[in-house]
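**Q** Could you work out the structure for the sequence below:
(4 chains)
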Protein chains: 2
Amino acid sequence: MGLQLTRGGEYAIRAMTYLARYPEGHVASLRDIGRAQEIPESFLAKILQSLVHAGLAVSQRGAHGGFALARPAEQITMRDVIEAVDGPISVNLCTLDPEECKRSSTCEVHKAWLRAQEQLMDVLGGVTLKSLAPQPVA
Amino acid sequence: MGLQLTRGGEYAIRAMTYLARYPEGHVASLRDIGRAQEIPESFLAKILQSLVHAGLAVSQRGAHGGFALARPAEQITMRDVIEAVDGPISVNLCTLDPEECKRSSTCEVHKAWLRAQEQLMDVLGGVTLKSLAPQPVA
DNA sequence: GCCAACAGGACCGTTTCACTCCGGTCTCGA
DNA sequence: TCGAGACCGGAGTGAAACGGTCCTGTTGGC
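**A** Modelled structure (predicted):
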C-alpha cells in the first residue's frame, strides 16, 4: 500500500497511550497492556523492548514488574514513539540518504518530498501522549 | 521502515515529471522515459499501465507510439500519481476502513491520524507536475 | 506485411511484516 | 533461599508485499 504505518507502530502508540492514562510512574505488566489494548502479548514484548531501548519507557523486572513511561506523558510525542519502533520517518529514500539522490540540489521533486515529510513530522511531533489519553484513571 | 513510499510510486512521479517537461500532448516511448529517468523498462511498463488506467496518462500503440499526459501538467498532482500506483493514501489502517476502528468516534488517536493524513494529502495534492518540472524542453 | 511499440498476465526471488518460541536472567516476597 | 512471576533477547517462521522479469498477444504506421 505504501506510506502506511506498520502494525508495530500502531501498537506502540496504543500501548504508550494506555500507560499515559495512569499517574506518572505507574507500572503495568505486559499482560495488562496486551489484554487492555488487544495486542498479541509476545509481539508487544518486542515493541516494548524497543521503547525501553529508545528511552521512552522503563521496565521493572521480577515479580510485580512491568513497564512505565520514562518521562511525563506531555513530553512524549507520537513521533518519538513511531521512530523508536519503526526507525526514522522518511517518506522517501531520497529524503533519508543524501547519497541516494545525486540530483537533490536541483531536483524539484526532492524539495517536494522534504516539504511533505516536514509537515508530517510536525503533526506527529506536536501530538503528545497526554493529549491522546482519555480521562486519566486513578 | 514504515510510512515510506514504494519504488513504484517514486518511479511514477519521475516518469510523469519527465512527460511534463514537454509540450502538451508530446508522446514519449517507454524506452525514452526509462533511459532518461533510469527506471527498469519492464517495471516501468507496469507503472505506466496503472497511470493509463487511472486516466492520468494516455498511450498510443503501434510504431512511434508511447505515452503522454492525459491532461495539462498543472492539473495533475503528486497525490494523483501516487494514488494511481500505490492505491489510496492511508497513513493507518483505521483511517481507511471505518469498520477497522470500532472506537473511532471516541478515540483521540484516531483523530490524530486523520489530521496527519490530511496534512500529508494537502501537501501532496498541492504539488502539480508543472511545478515539479524543470524548465520545459521544446 | 513487417516492425515498432504498448497490453497484460504469469512468474519469481527477496525482503519485510507480524508474530511466536524458548532459554536466560532478574527480583520480590514468603 | 528458593521459587514464582516477570522482563530480556535472539532465533525462527509463514504469509504477503515488493520489485522486478518474461513472454505472448495486439495494435498501428509505413
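
**Q** Just give me the neighbour total for A:Asp122.
**A** If you count neighbours by other Cβ atoms under 10 Å in any protein chain shown, A:Asp122 ends up with 12. Quick note: C-beta positions are derived from backbone N, CA and C, even for glycine.

**Q** Assign it to helix, strand or coil.
**A** Three-state assignment for A:Asp122 (DSSP: H, G, I helix; E, B strand; the rest coil): helix.

**Q** ok, it - contacts?
**A** By Cβ atoms under 8 Å, 6 or more residues apart in numbering or on different chains, A:Asp122 lies in contact with B:Gln119.

**Q** can you do 6 Å?
**A** Listed by Cβ atoms under 6 Å, 6 or more residues apart in numbering or on different chains, A:Asp122 has no contact partners.

**Q** State the pLDDT value of it.
**A** A:Asp122 is assigned 93 on the pLDDT scale.

**Q** and the gap between it and DNA strand D?
**A** Here A:Asp122 is placed at a distance of 25 Å from DNA strand D (Cβ to the nearest atom of the strand, to the nearest Å).

**Q** Repeat that for A:Ser29.
**A** Plainly put, A:Ser29 is 4 Å away from DNA strand D if you go by Cβ to the nearest atom of the strand.

**Q** interface residues of chain A facing chain B?
**A** A:1-3, A:5-6, A:9, A:86-87, A:89, A:92, A:108-109, A:112, A:115-116, A:119-120, A:123-124, A:127, A:132 (Cβ under 6 Å from any Cβ of the partner chain).

**Q** what number of residues lie near A:Tyr22?
**A** A:Tyr22: 17 surrounding residues under other Cβ under 10 Å.

**Q** where does it land in three-state SS?
**A** A:Tyr22 - assigned by three-state DSSP - is coil.

**Q** Can you check the pLDDT for it?
**A** For A:Tyr22, pLDDT reads 96.

**Q** just the one 4 residues further on next, same as before
**A** We note a pLDDT of 97 for A:His26 in this prediction.

**Q** Now do the strands in chain A.
**A** Per DSSP state E, chain A carries strands over the ranges A:57-60, A:66-69.

**Q** between the ones you listed, which one is nearest to B:Ile13?
**A** strand A:57-60 (37.9 Å; Cβ to Cβ).

**Q** And the contacts of that closest one?
**A** A:Val27, A:Leu51, A:Val52, A:Gly66, A:Phe67, A:Ala68, A:Ala70.

**Q** Just the buried residues of the residues of chain A next to chain B.
**A** A:2-3, A:5-6, A:9, A:86-87, A:89, A:92, A:109, A:112, A:115-116, A:119-120, A:123-124, A:127, A:132 (16 or more other Cβ atoms under 10 Å in any protein chain shown).
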